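Engineer: quick check, what structure comes out for this input:
(one chain, ligands or ions: 1)
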Amino acid sequence: MTLRFHNTLTGTKDAFEPIKAGHVGMYTCGPTVWNYAHVGNLRAFLFYDLVRRHLQVSGYAVTHVMNLTDIDDRILDQAMHAEVTISEYVKPYVAAFFEDMAALRTQPAAHYPRATEHIPEMVNMITELIEHQYAYVADGDVYFRIASFPSYGALSHLDRSGLKAGVRVVADKYDKESVSDFALWKKAQPVDEGLGAAWDAPFGLGRPGWHIECSAMSKRYLGETLDIHAGGIDLMFPHHENEIAQSEAANHKQLARVWLHSEHLADATGQKMSKSAGGFTTLRDLRDAGHDPVAVRFFLMAGAHYRTRLRLSAEALHAAAEQLRRLREFAERVRRSAPGNDDDVRLLQRIGEVRAAYREALDDDLNLPQGVGLVFAVVGVIGYATGTTALGISATALALIAAFLNGAFGLCLGCELYLLIRRIVPARQAL
Ligand SMILES: [Zn+2]
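Structural biologist: Numbers count the residues shown, from 1 in each chain. So this is what the prediction gives:
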C-alpha cells in the first residue's frame, strides 16, 4: 500500500507524491507567541511531528519549516501595557515554546522563521500584488482584493456568493472595497514605532498582517510550491484560504499540493480549547499537576485519529500514562530476558504480520490509534512468549521486534523507548 493523506483541497485520500522524488518540503503554521501555547495548539504541533516522522520512516528526507508569529494585535496590546518593545515582550513565550517542544520530544524543524525578521520578503510580495491589481491601498492600509481571485474559497469549499465581493463597505475602522477583503499591511499607529512594531514600506509605515507572513516565509525557505502545508482546522478559513490567494496571485503557481488539517482538542466539557475563550490549559499546567510530558504526547497523538476531535480530561491522561507504563515495562522486560536459541517460527510470523498491518494503518492517512492497538497486540504476543517459556527471545525475533518498535515508538513516544530497544539489539548482535 502506498502512503495516502486526506487532502483538504481535494476532499479525498490521495496517494502522496512529492515534486522532487525522495524529498518533501513541508510548511506548518506555528504559534503566535503572545502567551504560552495551550494543549490544543500542541496537538497540532504534535500532528506535524507525526506527519514528518512517518514521512521519514517511509524513506523521505523532509525539510520542515514552522513559523513563529511574533507580531500581531494581541502582542502589541500586551507590550503596550507592559511598557516593553514587542521583541522584549515575546522573548519568554518564544523560550517557553521551544521548552514545550523539547519536553514533548518533537523533532526540531529545519527553520523557525520569525515574522519580524522577514519584513522585506513580505513588502516585496505586497508590492507585487498591488502592481498587478490584486491589492490596493486604503488610507495607509493595504488590502487583498478577493474579487480579483476567482478561485478564492476552494480549500474550504466555500460558497463565494456569501462573501458579497464587490460590495463596498465602509466601517468605522476600515475603508475596504469589500467586507471580505483582508489586510496585507496595517498602517502604523502613533505608539507602534516606540514598541518596535513599525516598518518602512513603499505604501507607508506599518506592519504586516498575519496571513502574508506565511506566504512570504514559505516561499523564502521552500519555494513557490510546497509538497505539504499543514495546520489546525481553525486555520483552514480564513488563514489558509488567504495564504493561497496571496501566494498564487503573486507567484502564478499552486501554493501547496497537499493540505493537511488536524481537528480541535476539546476541554473536559466538550468545548474547543482556545485562548480567546479564556479557559485553556498549558503544558506547564499539566506538568504542575504531575503529568509526564511523554504521556501527554502519547495522549495528544494517539488518543484519537488526527481528523477526529479529542477530549482532554484527567482520566484520559491517566489512561495514556498507564499505556506508557506498560510499554516501558515491556521494553524493560525485553531488555532483561535471556537470549533464546530457537527461532519460534509462529512468533516470527505473527510479528511480521503485525508489522505489516501497522505500516498499512499509518500509510492510510496516519491512523496512529489503530497502529498503537497493533503495538499492544505485539506486546501481548511477546509478553506471553517471555512470560511463559524459559526460552527467551531469539535474536531473529528481537531484530524484528526492534525494527517494528523503532518505527512505532518513534512516532508516538518520540524515541524514548526506541533508544532503549536499540541499545538491547546491538548487545545481542542481532542487527
Ligand atoms: Zn500560516
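Engineer: and stretch 255-269, what's buried?
Structural biologist: 255-267 (16 or more other CB atoms under 10 Å). Heads up, the C-betas are built off the backbone N, CA and C, glycines and all.
Engineer: now swap in stretch 289-302 and tell me
Structural biologist: For stretch 289-302, the neighbour count (16+ other CB under 10 Å) marks 291-302 as buried.
Engineer: same thing with stretch 189-197?
Structural biologist: Neighbour-count burial for stretch 189-197 [16+ other CB under 10 Å]: 192, 195-197.
Engineer: could those residues go into a markdown table alongside distance to residue 220?
Structural biologist: Putting the buried residues of stretch 189-197 into a markdown table (distance: CB to CB, whole Å) gives the following:
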| residue | distance to residue 220 |
| --- | --- |
| 192 | 24 |
| 195 | 25 |
| 196 | 22 |
| 197 | 21 |
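Engineer: which of the residues you listed sits closest to the ion?
Structural biologist: Within the buried residues of stretch 189-197, proximity to the ion (CB to the ion) peaks at residue 197, which comes in at 19.3 Å.
Engineer: spatially nearest residue to the closest one (excluding sequence neighbours)?
Structural biologist: Nearest non-adjacent residue to residue 197, counting by CB to CB, 6 or more residues apart in numbering: residue 86, 5.0 Å away.
Engineer: who's in contact with the one you found?
Structural biologist: If a contact means CB atoms under 8 Å, 6 or more residues apart in numbering, then residue 86 has 70-71, 75-76, 79, 116, 195-197 as its contacts.
Engineer: pLDDT score assigned to the residue of the stretch 51-200 of the chain found nearest the ion?
Structural biologist: Using CB to the ion, residue 67 is the residue of the stretch 51-200 of the chain that sits closest to the ion, at 6.3 Å. The model reports residue 67 with a pLDDT of 98.
Engineer: then residue 351?
Structural biologist: Per the predicted model, pLDDT is 81 at residue 351.
Engineer: please apply the same query to residue 157.
Structural biologist: pLDDT, residue 157: 88.
Engineer: can you list which of the contacts of residue 86 are found in strands?
Structural biologist: With DSSP state E as the criterion, strands contain none of the contacts of residue 86.
Engineer: now the two most distant members of the buried residues of stretch 189-197.
Structural biologist: 192 and 196 (8.4 Å; CB to CB).
Engineer: check contacts around residue 283.
Structural biologist: 36-37, 39, 42, 100, 103-104, 293, 296.
Engineer: can you lay out the buried residues of stretch 189-197 as a markdown table showing pLDDT and distance to residue 248?
Structural biologist: Below are the buried residues of stretch 189-197 laid out as a markdown table (pLDDT from 0 to 100; distance: CB to CB, whole Å):
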| residue | pLDDT | distance to residue 248 |
| --- | --- | --- |
| 192 | 96 | 30 |
| 195 | 96 | 33 |
| 196 | 97 | 32 |
| 197 | 97 | 29 |
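Engineer: in a strand, that's where residue 25 is, yeah?
Structural biologist: Yes. Looking at residue 25 with DSSP: H, G, I helix; E, B strand; the rest coil, it is inside a strand.
Engineer: sorry, back to before: which one of the buried residues of stretch 189-197 is nearest residue 140?
Structural biologist: Among the buried residues of stretch 189-197, residue 192 lies closest to residue 140 (CB to CB), at 11.8 Å.
Engineer: wait, that closest one sits on residue 73?
Structural biologist: No. Using CB atoms under 8 Å, residue 192 makes no contact with residue 73, being 11.0 Å away.
Engineer: could you check how far the residue lying closest to residue 234 once chain neighbours are set aside is from residue 223?
Structural biologist: Nearest non-adjacent residue to residue 234, counting by CB to CB, 6+ apart: residue 264, 7.0 Å away. According to CB to CB, to the nearest Å, residue 264 stands 31 Å off from residue 223.
Engineer: now swap in residue 301 and tell me
Structural biologist: Taking CB to CB, one finds residue 301 at 29 Å from residue 223.
Engineer: over to residue 233?
Structural biologist: Counting by CB to CB, the gap from residue 233 to residue 223 is 26 Å.
Engineer: which one of the two is surrounded by more residues?
Structural biologist: Ranked by neighbour count (other CB atoms under 10 Å), residue 233 and residue 223 place residue 233 first, with 18 against 14.
Engineer: pretty sure the more buried one sits against residue 263.
Structural biologist: Yes. With contact defined as CB under 8 Å, residue 233 counts as touching residue 263 (5.5 Å).
Engineer: shared neighbours, the two?
Structural biologist: Common contacts of residue 233 and residue 263 (CB under 8 Å, 6+ apart): none found.
Engineer: which pLDDT value goes with residue 404?
Structural biologist: At residue 404, the pLDDT value in this model is 75.
Engineer: just the element for it, please.
Structural biologist: Using DSSP states H and E, residue 404 maps to helix 395-413.
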